[in-house]
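# Would you be able to build a 3D model of this:
(one chain, ligands or ions: 1)
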Amino acid sequence: MASSSSSTRTVPLLIDGRLVESRSTQWRDIVNPATQQVLARVPLATREEVDAAVASAAEAFKTWRKTAIGTRARIFLKYQQLIRDNMKALAAILTAEQGKTLADAEGDVFRGLEVVEHAAAIGNLQLGELANNVAGGVDTYTLLQPLGVCAGITPFNFPAMIPLWMFPMAIATGNTFVLKPSEQDPMVTMRLAELAMEAGVPPGVLNVVHGAEDVVNALCDHPDIKAISFVGSTRVGTHVYQRASLAGKRVQCMMGAKNHAVVLPDAHKEQTLNALLGASFGAAGQRCMAVSVAVLVGAAREWVPDLVAKAKTLKVGAGDRPDTDVGPLISCAAKDRVTALIQRGTDEGATLALDGRRPVLAEGNAPAAAEGNFVGPTILTGVKPGMQVYDQEIFGPVLCVAEAETLDDAIAMINANPNGNGTAVFTQSGAAARKFQEEIDVGQVGINVPIPVPVPLFSFSGSRASKLGDLGPYGKQVVLFYTQTKTVTERWFEDDVTTGVNTTISLK
Ligand code: NAD
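Below is the predicted model:
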């Protein structure tokens, strides 16, 4: 692997409206996963730098919380335009450090941009309620007030979309924010933060600190942070939830997954196979909503040869090549973990219908791509609960194929799996789809839609082991997450009316 030199560019922190070089002695390389080229170095911020970011956010909150709705909304109107204007450049940074294809990187930015557009409508979203005459001459109304300093901790797999799930809505609702991006690919996130400043987010309202475990723990413990949004693995999310909750914070954690797609024999075959492959192998399987288990029901079990034949047509290579379908995994460690799990699957009795462990790269890839973290589309059949490839989240381009006799059996398998992030059913029967939607215990359901991530008019709604906390990111739920409800009960006395002393609890 190439190593960095002192001339390698460094990723700054954003504190109090200024891009500052960290004083940390601990840095790590940001590596292009398609070539191992070192792109930049990112600091693991010091405790003093984390404190400075939180202090800046706390100071900024004093004025930002009172800023007019229209002022807040107009910043996000400008921000969405800046993101659009910079879409190609953002996607290029994202692909270089994360690996996904340029088209998919634009999708990553776009799904975040949709949240920014929604944040621009904050005037309609942060409305309280009013009940007139709850007692004689008494009205009750609610205010949705911001919490204070909020923090966000994000994963490597959507370095644009997931930070944009968090800070635009937190800031639009009147909070200030400290963001801790993934240390594996923080550059596109940083560029988005710079554009937010350009759009008019005032100094201190958005701060960015880099780091890993120690910085995350410092945010969880910090007494001046009121709420934490986390997206990442179940192991880390559970830790963050427990630690930050113990410190008295409001916490929401979106975590790992094992998403099943059920294929009924009456499904539209061609469309279903296409959907399965796109959802399993897109972004090299590194999506929290990737389809990682296909449950073939009844006669759909005969579709495996066609599934494999189609998977073989996908091109593996660097994400910046226009013909690439499947880019590299994020790191050498991720590649080692995924290939070891594939081996484990065969050792435990699954059949390797397609082995992507030594992929042939598509023509035209640069010689440096020989060093990339590539794993090609892999299909394991005969997968059952209890095997490691079923029980663990693989997070790579590996589709496990399981079988079920009936729709009831398929539903029972999914409901017995601890995760509840996403699921899908493929069928042309409305009755079967409705039964699935009613009986499945998973938070996000697709009907002939393989990756049912809701748009920001709704909220992301994973469930069970995929989520801790009640309220999801973006949309209506996050307005409640980032605000506290104050209820005001008011009466105005008319000069000539006295009610006397009332020692009972009732309001009349
Ligand atoms: P990760 O949990 O390793 O890292 C997430 C964040 O936690 C990063 O910012 C990282 O720096 C920090 N972190 C890592 N180790 C830590 C530790 N020991 N203590 C404290 N903080 C730590 O996740 P990842 O590998 O970056 O992302 C992939 C995971 O994220 C997958 O499990 C995927 O399913 C999940 N994910 C879930 C959703 C969702 O909405 N449910 C969305 C995207 C990704």
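# Where does the residue sitting nearest the centre point of the chain sit: helix, strand or coil?
Residue closest to the mean C-alpha point of the chain, counted by CA atoms, centre = their mean, is Ile162 at 4.3 Å. Secondary structure for Ile162, judged by DSSP: H, G, I helix; E, B strand; the rest coil, is helix.
# Could you measure from it over to Glu106?
Separation of Ile162 from Glu106 (CB to CB, to the nearest Å) stands at 16 Å. Glycine gets a C-beta too; all of them are placed from N, C-alpha and C.
# do Asn207 as well
For Asn207, the distance to Glu106 - CB to CB - is 27 Å.
# what do you get for Thr503?
To Glu106, Thr503 is 67 Å away according to CB to CB.
# before we move on, the earlier item: can you tell me which residues contact the residue nearest to the centre of the chain?
112, 154-155, 231 (CB atoms under 8 Å, 6 or more residues apart in numbering).
# Tell me which of those fall in strands.
Applying DSSP state E to those, the entries found in strands are Val231.
# Report how many residues lie close to Thr272.
For Thr272, the count of nearby residues is 23 (other CB atoms under 10 Å).
# Skip the chain neighbours and tell me the closest residue to it.
Nearest non-adjacent residue to Thr272, counting by CB to CB, 6 or more residues apart in numbering: Phe426, 4.3 Å away.
# contacting residues around that neighbour?
Counting by CB under 8 Å, 6+ apart, Phe426 has contacts 261-264, 267-268, 271-272, 275-276, 448.
# that's a helix at Lys476, yeah?
Yes: remark: Lys476 belongs to a helix, assigned using three-state DSSP.
# Please name the residues that touch it.
The neighbourhood of Lys476, defined by CB under 8 Å, 6+ apart, consists of 125, 458-459.
# Then Val297?
By CB under 8 Å, 6+ apart, the neighbours of Val297 are 262-265, 403-407, 409-410.
# nearest to Gly472, of those residues?
For the contacts of Val297, the residue nearest Gly472 by CB to CB is Val262; the value is 23.4 Å.
# and the closest one, helix, strand or coil?
Secondary structure state of Val262, per three-state DSSP, is strand.
# who's it bridged to?
Going by DSSP bridges, Val262 is paired in beta bridges with Val295, Val425.
# residues contacting it?
The neighbours of Val262, taking CB under 8 Å, 6+ apart as the test, are 295, 297, 404, 407, 410-411, 414, 423-426, 436.
# repeat for Thr8
29, 38, 40-41.
# cool, and Pro385?
By CB under 8 Å, 6+ apart, the contact set of Pro385 is 391, 413, 416-417.
# Backbone dihedrals for it, please?
phi -50, psi 140 (degrees, to the nearest 10).
# Surely Ala402 and Leu380 touch.
No: Ala402 sits out of contact with Leu380 when judged by CB atoms under 8 Å, with a separation of 9.6 Å.
# if we can go back for a sec, between Thr503 and Glu106, who's got more neighbours?
Comparing Thr503 with Glu106 by other CB under 10 Å, the one with more neighbours is Glu106, at 20 against 4.
# The more buried one is in contact with Arg84, isn't it?
No: here Glu106 lies out of contact with Arg84, judged by CB under 8 Å, at a distance of 10.7 Å.
# What is the most widely separated pair among the contacts of Ile162?
Pairwise over the contacts of Ile162, using CB to CB, the maximum falls at Gly112 and Pro155, 13.5 Å.
# if I pick whatever residue of the stretch 1-150 of the chain ends up closest to the ligand, what's in contact with it?
Residue of the stretch 1-150 of the chain nearest the ligand, by CB to the nearest ligand atom: Leu44 (9.4 Å). For Leu44, the contact set (CB under 8 Å, 6+ apart) comprises 24, 26-28, 183, 210-212, 214-215.
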